[in-house]
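*Asks:* Quick one, fold the following:
(one chain, ligands or ions: 1)
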Amino acid sequence: MKARNALLAAFTLSTLAAAVQAADEVVVYSSRIDQLIKPVFDAYTEKTGVQVKFITDKEAPLIARLKAEGANTPADMLITVDAGNLWQAEQEGVLQPTKSAVIEANIPSQYRSSSDSWTGLSLRARTIFYSTERVKPEELSTYEALAEPKWEGRLCLRTSKKVYNQSLTATLIEAHGAEKTEEIVKGWVNNLATDVFADDTALLQAIDAGQCDVGITNTYYYGRLHKQQPDLKVKPFWPNQSDRGVHVNLAGAGVTKYAPHAEQARKLLEWMTTPEAQSIFAGVNQEYPANPAVEPSAEVLSWGTFKADNVPTEVAGKRQAEATMLMDRAGWQ
Ligand code: FE
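*Replies:* So this is what the prediction gives:
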């Protein structure tokens with residue numbers, strides 16, 4: 001946290017002012033880890049000569065900063081994860097619509113804002129992971145079935161404070177309505193093996209260590225852990241294949257409302273949806289490209305293919321407040 005603050009402080013106003021003046025620059029506020037975004041910008045600069053300046057922070061401070069800076073912002077683009085966060089940025093009025101035939105051709109509509117304020121760039125599945133020692137995949141079927149008594153004392157969940165779980169719950173409400181969703185979520189809470197986890201990686205390690213048998217996490221956390229620990233006794237399962245499909249969320253971006261270089265930002269955003277950029281953007285974090293014409297990496301493909309839920313991802317934002325209250329009522333910490 002200290003290093004991040006120092007980085008922000010080092011990125012002084014004069015630096016920003018210089019960036020504003022140069023027409024062949026784009027300034028990005030990004031909540032993505034530096035190593036996951038820098039290769040994309042480096043490739044763009046090499047190709048076009050356009051410099052991309054970026055600062056990294058969590059999504060809430062970045063959105064607050066954009067609001068505070070208003071028309072004086074040096075930022076042209078906001079990059080963040082989860083449709084719930086992008087929808088929030090849109091509601092806060094810090095993004096502007098980018099109507100683009102290139103983006104429309106490259107990214108399916110369910111992964112974009114209906115007002116063109118943001119577009120998804122990479123996809124991650126939030127799916128079921130199971131212990132290969134204590135669970136047979138045939139025992140698994142749907143997210144909903146994890147509420148059944150057979151999983152009592154065997155389920156691990158991450159905290160409901162994390163937007164990823166709020167988005168998952170939002171799509172359950174969209175599919176089933178609030179009443180049935182609350183029953184499902186109560187069933188999950190009832191089946192918990194232990195306290196909720198602060199992060200997905202710790203949850204996967206808990207399954208591996210025998211603390212629980214099943215859990216729900218994002219696929220790229222599995223990718224990272226599996227790379228470090230090839231003998232991990234945990235595998236992904238693709239639920240709901242005979243109905244709506246696996247819950248998919250995204251990392252994405254939008255042009256800021258007061259972008260000093262809106263045109264340059266649009267060009268960068270368009271380029272990020274092309275096959276060339278999609279392989280880098282998704283590849284560095286073992287995610288799925290949002291452009292369906294682009295293959296995921298070999299490692300990601302080795303987890304198998306699945307049918308994804310095609311509910312518009314902005315439902316995660318629209319139903320976020322409802323989902324949060326429901327999780328609270330159901331006792332999901
Ligand atoms: Fe994450």
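*Asks:* What's the local residue count around the closest residue to residue 198 other than its chain neighbours?
*Replies:* Nearest residue to residue 198, sequence neighbours excluded (CB to CB, 6 or more residues apart in numbering): residue 159, at 6.3 Å. Where C-beta positions appear, they are placed from N, C-alpha and C, glycine not excepted. When neighbours are counted by other CB atoms under 10 Å, residue 159 registers 15.
*Asks:* now residue 267
*Replies:* 17.
*Asks:* try residue 288
*Replies:* Residues near residue 288, counting by other CB under 10 Å, number 23.
*Asks:* can you give me the strands for the stretch 201-333 of the chain?
*Replies:* Listed in chain order, the strands of the stretch 201-333 of the chain (DSSP state E, counting those that start in this stretch) span 214-218, 234-237, 247-256, 288-289.
*Asks:* Distance-wise, check the residue nearest to residue 198 relative to residue 306.
*Replies:* Using CB to CB, to the nearest Å, residue 159 is found at 26 Å from residue 306.
*Asks:* list the contacts for the residue nearest to residue 198?
*Replies:* 165, 196-198, 333 (CB atoms under 8 Å, 6 or more residues apart in numbering).
*Asks:* hang on, the earlier thing: mean neighbour count, the strands of the stretch 201-333 of the chain: which tops it?
*Replies:* Of all the strands of the stretch 201-333 of the chain, strand 247-256 has the most neighbours on average by mean count of other CB atoms under 10 Å, namely a mean of 26.
*Asks:* Check the average confidence over that one, would you?
*Replies:* Averaged across strand 247-256, pLDDT comes to 98.
*Asks:* and what of stretch 326-333?
*Replies:* 98.
*Asks:* Pull the residues that contact it.
*Replies:* 157, 159-160, 165-166, 169, 173, 178, 181-182, 185-186, 188-189, 195-196.
*Asks:* Among the strands of the stretch 201-333 of the chain, which comes closest to residue 114?
*Replies:* Closest to residue 114 of the strands of the stretch 201-333 of the chain, according to CB to CB: strand 247-256, at 12.8 Å.
*Asks:* So which elements touch that closest one?
*Replies:* Contacts defined by 3 or more CB pairs under 8 Å, 6 or more residues apart in numbering; DSSP states H and E place strand 247-256 against strand 77-81, helix 83-91, strand 95-96, strand 119-131, helix 163-176, helix 262-272.
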